[in-house]
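Chemist: fold the following.
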Amino acid sequence: MSARASPGSMASPGSIASNPSIASSVRWEQAANAHIPDDAAGPMPPSPSLPPLPTSISEDSSETNLEATASEIQLELDRLMLHIAKDLENMEVVNPEVVRVTPAFRVFQQGALALRENEIDFYFKSQGALKISTFWSHSWHGSKWNKIITLITIYNGPAAAVSGMVSAVVAVILYCFEVLPSLDRGREEDGISYGYSCWSLWFGFIATTLVMIFWRPRKGIFLDRICISSNEKLKAEAIFSLAGLLKHSDSMLILWDPTWTERLWCLFELAAFLQSKKDQKKQLLIRPTLSGPLHISFFLVSFAGMIPINMVPMDVSEPILMLANAGGVVLCASVASYVAMSTLRSYFRDLDTMKQQLLRVSFDTSRASCCDDGHRRGGRRTPCDRKILKECVKQWFGSQETFEHTLRSEILEILTRDLAKRVFTTKSTLAMFMPIIWAFMDHAASEERFYPGQFWVKWTGAAMLEGLSIWLLFMPILKDVLVLVGEVTRVRPKSLLMEVIKNSLASMTLLLPLMIVMGTYVGLTFIPALYDFPPLVRSGIFFACMLLYSTLTRCIAAGIRAFSSWDPSVQWTKHGLMIAFECIW
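Modeler: Numbers count the residues shown, from 1 in each chain. The predicted structure is shown next:
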């Protein structure tokens, strides 16, 4: 949550001590009245804590008196800031009414209007609560659509994946019972035309897309744009209770983009959450706003790549038509792969930016609207939010430097572990590449209708086993290759032409592991010694090969990580190889 000055939104920095609406503390009124008009030429209005200026000032003493009065007002503002910081430090909620949540699906309504529009009051979508499940912290200065796509992926993605898989299974059943028609791909044997299924792929894709868009997650979250009232009193109370709201939150989701670390209030939210959960297990989730587009991109790549397997004509009498159709689909898949690799490289560049920002993060250099506005609002001199929040942080962590050290150590460790080394989890990897297993399900369903008979001699079970081998064993390994290539080639060349070439070559590096799988598959299919074996046996050998390949790869990777943890030379060698590889690009 980054403060911003807009109607119906959370009050912007500078208003924390300039809003006279909080009845629980007269200090808010004192801070509002202790001001210096922009013209600074007339008498000061009376203040509860400051004596009024004389109604007339002589020419000889006017400048001296004005400077003395301004000094007194500044001292009063400093005193008020200390009192306000003391109240914030207690992490209490001023009014239970400000502890509010909204079901996540209400944020996504009307094309996630609440994350795009600043002029509409969405307070009616929230409701009172005793606890906040997840507190969303974000900056209003970053990409809105990246943020929206990432949130939809986080909250709707699991339901979409399950729905897509269930729909694909239903399509297989319907096809096997001849409820769904066959696709004629031009295959004929002995005068018999064979039809194919493509329904599992399309049922799964359409169901996943629809659920991703229209699912209604009901988990209660706190979003400032919805859960903070436009009423001035409630708005000020919510600001005053911000630390208390974080204390009432079970977890905190940081939607990071390069502007998040620069915002003073975002850093304060993180400080308050770390302080409130110091004796509990920290439920801090950090997700770059590019992670959502990244997952969607690779899902579309895998879907586009499976279309030729399921739908390209197989009529060998018309090779030109077959090649034209296959070439068009492969072109679409290549474009999608190019976009996905570009997004992955941008993701790692953003991670580098995040790490650099954390290494030099400071309350003194972060941006606040009150400072941008010159500490004036509506013609009034207002206290500086930075001084108030810094005082809170000092009380919580002992010093400002201790908090900043926590960011550079603990939070940086979370970034390295969860965002750099675990760009894709196993679950998200399987979800991204679901179209692969859907395509093999279609192949299995087609074989079921080709050859009625005993299961042992059919290709139905063999096709399913092959699909599971690739989906469960090979794709997680391919994911690791993707991450390595994206990380090593993340630097963007100065020339646009070189960037296009570099991104294209990075996409082509995926061909090597794919060729290993295809070579193994084709070799096992056409080895004469295996012709007399049932299809399921040959697929079992393929499964064993994939299992061996996956196990050896993971063991080697684990050994390198373990060895490099205590031998610095290996660490240098690894970095040296990565640098050399990057130089080659």
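
Chemist: any idea how far F122 is from Q110?
Modeler: 10 Å (Cβ to Cβ, to the nearest Å). In this view, the C-beta of every residue, glycine as well, is placed from N, C-alpha and C.

Chemist: report the mean per-residue pLDDT for the helix or strand where A171 lies.
Modeler: Using DSSP states H and E, A171 falls within helix 144-176. The average pLDDT within helix 144-176 is 95.

Chemist: okay, Q110 and F122: which has more neighbours?
Modeler: F122 (22 against 11; other Cβ atoms under 10 Å).

Chemist: OK, contacts around the more buried one?
Modeler: Taking Cβ atoms under 8 Å, 6 or more residues apart in numbering as the criterion, F122 is in contact with G8, L113, A114, R225, I226.

Chemist: and it, what's its pLDDT?
Modeler: Confidence score, pLDDT, at F122: 90.

Chemist: list the buried residues for stretch 92-112?
Modeler: Buried residues in stretch 92-112, counted by 16 or more other Cβ atoms under 10 Å: 93-95, 98-108, 112.

Chemist: pick the one among the residues you listed closest to S302.
Modeler: Comparing those against S302 with Cβ to Cβ picks out F108 as the nearest, at 24.5 Å.

Chemist: next, count neighbours for the spatially closest residue to the closest one that is not a sequence neighbour.
Modeler: Using Cβ to Cβ, 6 or more residues apart in numbering and skipping residues adjacent in sequence, the residue nearest F108 is I152, 6.3 Å away. Applying other Cβ under 10 Å, we find 21 residues neighbouring I152.

Chemist: i'd like the first residue to be 5 from this point on
Modeler: I'll keep to 5 as the first residue from here, and by that count the last item is I156.

Chemist: so I156 touches M216, yeah?
Modeler: Yes. With contacts counted by Cβ atoms under 8 Å, I156 reaches M216, the gap being 6.4 Å.

Chemist: Three-state assignment for E503, please.
Modeler: helix (DSSP: H, G, I helix; E, B strand; the rest coil).

Chemist: neighbours of the closest residue to it other than its chain neighbours, how many?
Modeler: Nearest residue to E503, sequence neighbours excluded (Cβ to Cβ, 6+ apart): P497, at 5.1 Å. Neighbours of P497 under the rule other Cβ under 10 Å: 13.

Chemist: also the one 5 residues further on?
Modeler: By other Cβ under 10 Å, the residues close to M502 number 12.

Chemist: quickly note the distance from it to V495.
Modeler: M502 is 11 Å from V495, where distance means Cβ to Cβ.

Chemist: OK, contacts around S341?
Modeler: Going by Cβ under 8 Å, 6+ apart, S341 touches V305, G309, S511, L514.

Chemist: just checking: what are the partner strands of the one helix or strand R189 maps to?
Modeler: Under the criterion of DSSP H and E, R189 resides in strand 187-193. Sheet pairing of strand 187-193 (DSSP bridges) gives strand 196-200 (antiparallel).

Chemist: and for the partner strand, what's in contact with it?
Modeler: Contacts of strand 196-200 (Cβ under 8 Å, 6+ apart): P185, S186, L187, D188, R189, R191, E192, N314, D446, S450, R453, F454.

Chemist: again, 10 Å this time
Modeler: Defining contact as Cβ atoms under 10 Å, 6 or more residues apart in numbering, one finds that strand 196-200 is touched by 179, 182, 185-192, 314-315, 318, 446-447, 449-451, 453-455.

Chemist: and the helix holding A175, which residues are buried?
Modeler: Applying 16+ other Cβ under 10 Å to helix 148-180 flags 150-162, 164-165, 167-169, 171-172, 175-176, 178-180 as buried.

Chemist: and stretch 250-265, by the same measure?
Modeler: 250-253, 255-265.

Chemist: I'd guessed K431 sits against A165; true?
Modeler: Yes. Contact criterion Cβ atoms under 10 Å: K431 and A165 qualify, at 8.2 Å.

Chemist: any idea how many residues pack against C549?
Modeler: 19.

Chemist: what of the one 10 residues further on?
Modeler: Here the neighbour count serves as a burial measure; for C559 (other Cβ under 10 Å) it reads 10.

Chemist: just say helix, strand or coil for it.
Modeler: The three-state label given to C559 by three-state DSSP is helix.

Chemist: check what pLDDT it gets.
Modeler: Per-residue pLDDT puts C559 at 77.

Chemist: ok, the one 10 residues further on next?
Modeler: According to the model's per-residue confidence, S569 sits at a pLDDT of 52.

Chemist: then the one 10 residues further on?
Modeler: Per-residue confidence at H579 stands at 47 (pLDDT).

Chemist: swap in L501?
Modeler: 91.

Chemist: quick one: low-confidence ranges for the stretch 55-204 of the chain?
Modeler: Within the stretch 55-204 of the chain, the segments meeting pLDDT under 70 span 55-95, 193-195.

Chemist: rewinding a little: okay, the angle between the helix holding A175 and strand 196-200?
Modeler: 140 degrees (axes from the mean of the first three to the mean of the last three Cα atoms, to 10 degrees).
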